[in-house]
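K.L.:
Just to be clear, the model below is a prediction. Sequence and coordinates:
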Amino acid sequence: MKAVLRCEIPCKDRAVRGALCLPQAGCPVVLFCHGFGGSGADFEKAAARLAEGGIGSLRIDFCGGSNRAQQYLSTEQMTLGTQQEDLHAAIDYLLAQGVSPRKLFLFGGSQGGLAAALAAAQRPQEVRGLILLYPALCIPDDWNARFPSEEDIPARHTLWGVTLGKEYFVYARKLDVFSSIGKYTGPVLIMHGDADKVVPVEYSRRAARTYPQARLIEFAGEGHGFSPRADRTCTAYTEEFVEQCLRTPPDRS
């Protein structure tokens, strides 16, 4: 893999840790957003494969996004709101590095997919394309079902070994996902397994109907977290998507 620059990106009173790889000057860049409890390292192999094709990457660790990333925020302070702040800071960082908005792509997996979709909708002119991997668009529905009213939410709750604070659920329950994400009018690639037990594929099917320019690829038999073979195919589709976007003039009508 090309040389990777470790960086700390200012964001309010904290810093977002990232790994930047620019294989050549002026190259397109994919900003990777990891899922719940994950880290930027989850996309290390994908970033290396993209670099071989001349596509750069920035892999960030959301502050408080996992038990390993609590230097600036604890997991109990993290919300989808703080993740969007981190993501906006990362976009600003790339723009400051000279990355053209015509060559800046967001890639979000699971909860990172929801964060990326929301951020892209807020900055459509600065995101050339959006790639979503089994995006957790179900999060508000899941937590509204679990906690029907705000009074039902405990002060903290542990999910998959990660302890979350009340504000995480307060924020998530109020999100109106599909009315928000549809404000992004650029090209979107969605990849989802049809055997996903965590995020039903119907959420991505609905997203594909919501976006003005979307392609949904369903992976037969894949769950929430792809097999190595499907991961490689996912990266190939990502490279193809980026290259196709670069050949097509942006349409933001």
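P.N.:
Done, it's in. Since the structure is predicted, the reported quantities are computational estimates derived from the model, not experimental observations.

K.L.:
quick one, strands of this structure?
P.N.:
5-11, 14-21, 29-33, 56-61, 104-109, 129-133, 156-159, 162-165, 187-193, 213-219 (DSSP state E).

K.L.:
Need the ones you listed in a markdown table (columns: distance to Gly225).
P.N.:
(Glycine included, C-beta is placed from N, CA and C.) Shown next, in a markdown table, are the strands of the chain (distance: least, CB to CB, whole Å):
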| stretch | distance to Gly225 |
| --- | --- |
| strand 5-11 | 26 |
| strand 14-21 | 21 |
| strand 29-33 | 15 |
| strand 56-61 | 17 |
| strand 104-109 | 9 |
| strand 129-133 | 10 |
| strand 156-159 | 16 |
| strand 162-165 | 16 |
| strand 187-193 | 8 |
| strand 213-219 | 11 |
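
K.L.:
Would you format those strands as JSON lines with mean neighbour count included?
P.N.:
Below are the strands of the chain laid out as JSON lines (neighbours: other CB atoms under 10 Å):
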{"stretch": "strand 5-11", "mean neighbour count": "14"}
{"stretch": "strand 14-21", "mean neighbour count": "21"}
{"stretch": "strand 29-33", "mean neighbour count": "27"}
{"stretch": "strand 56-61", "mean neighbour count": "27"}
{"stretch": "strand 104-109", "mean neighbour count": "28"}
{"stretch": "strand 129-133", "mean neighbour count": "28"}
{"stretch": "strand 156-159", "mean neighbour count": "13"}
{"stretch": "strand 162-165", "mean neighbour count": "18"}
{"stretch": "strand 187-193", "mean neighbour count": "25"}
{"stretch": "strand 213-219", "mean neighbour count": "17"}
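
K.L.:
I'd like to know which of those strands lies nearest to Tyr171.
P.N.:
When these are compared for distance to Tyr171 using CB to CB, the nearest one is strand 162-165, at 10.1 Å.

K.L.:
can you give me the helices for this protein?
P.N.:
With DSSP state H as the definition, the chain shows helices at residue ranges 44-52, 80-96, 111-122, 139-146, 166-173, 177-181, 202-210, 228-247.

K.L.:
possible to save the ones you listed as JSON lines with mean pLDDT and distance to Pro28?
P.N.:
Supplementary listing: those in JSON lines, determined by pLDDT from 0 to 100; distance: least, CB to CB, whole Å:
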{"stretch": "helix 44-52", "mean pLDDT": "96", "distance to Pro28": "9"}
{"stretch": "helix 80-96", "mean pLDDT": "98", "distance to Pro28": "11"}
{"stretch": "helix 111-122", "mean pLDDT": "98", "distance to Pro28": "16"}
{"stretch": "helix 139-146", "mean pLDDT": "97", "distance to Pro28": "29"}
{"stretch": "helix 166-173", "mean pLDDT": "97", "distance to Pro28": "32"}
{"stretch": "helix 177-181", "mean pLDDT": "96", "distance to Pro28": "22"}
{"stretch": "helix 202-210", "mean pLDDT": "98", "distance to Pro28": "23"}
{"stretch": "helix 228-247", "mean pLDDT": "96", "distance to Pro28": "5"}
